[in-house]
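Engineer: task: produce atomic coordinates for the following.
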Amino acid sequence: MSKKEINSDELIAQIIKGIEEVKGNDIDILDLREIENTVCDYFVICNGTSNTQVNAIVSSIQKIVSKALKDKPWHIEGSENAEWVLMDYVNVVVHVFQKHIREFYDIEGLWGDAKTTSIQTKY
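Structural biologist: So this is what the prediction gives:
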């Protein structure tokens with residue numbers, strides 16, 4: 001695991017920077033800290049328009065977080081078909097979807113009790 005404890009706010013800021021770098025859409029942060037028995041503190045959810053863009057978002061997040069915080073995901077799942085890629089940074093889990101897959105699974109609806117913050121993008 002990582003040598004030093006990474007601040008979740010710092011990590012989320014770098015993750016969002018990585019998403020925005022390749023124009024990821026509909027960025028939401030779900031704060032799960034007030035909900036019992038959750039596996040992490042935050043979900044960061046976004047979507048791309050194709051499997052190519054989903055993979056570009058994942059690569060961008062990895063590169064920016066690694067460079068800024070010297071941290072890497074504990075686990076990444078779903079890169080093969082790039083419809084829904086999960087990046088596990090332990091306290092923060094990133095979900096990168098293709099739009100139609102995000103609508104189908106409706107993670108925000110499943111975690112409706114979470115405080116949701118939508119990030120406005122400038123593109």
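Engineer: show me what contacts Val92?
Structural biologist: Neighbour list for Val92: 8, 11-12, 15, 40-44 [criterion: Cβ atoms under 8 Å, 6 or more residues apart in numbering]. To be clear about C-beta, it is placed using only N, CA and C from the backbone, and glycine gets the same treatment.
Engineer: swap the cut-off to 7 Å and go again
Structural biologist: Residues in contact with Val92 (Cβ atoms under 7 Å, 6 or more residues apart in numbering) are 8, 11-12, 15, 40-42, 44.
Engineer: from those residues, list just the buried residues.
Structural biologist: The neighbour count (16 or more other Cβ atoms under 10 Å) marks 8, 11-12, 15, 41-42, 44 as buried among these.
Engineer: which of the residues you listed fall in strands?
Structural biologist: Among the buried ones among the contacts of Val92, the members found in strands (DSSP state E) are 42, 44.
Engineer: and the contacts of Val92 as a markdown table, adding distance to Val85 and pLDDT?
Structural biologist: What follows is the contacts of Val92, written out as a markdown table (distance: Cβ to Cβ, whole Å; pLDDT from 0 to 100):
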| residue | distance to Val85 | pLDDT |
| --- | --- | --- |
| Ser8 | 20 | 95 |
| Leu11 | 17 | 98 |
| Ile12 | 17 | 98 |
| Ile15 | 13 | 98 |
| Cys40 | 16 | 96 |
| Asp41 | 20 | 97 |
| Tyr42 | 17 | 98 |
| Val44 | 12 | 98 |
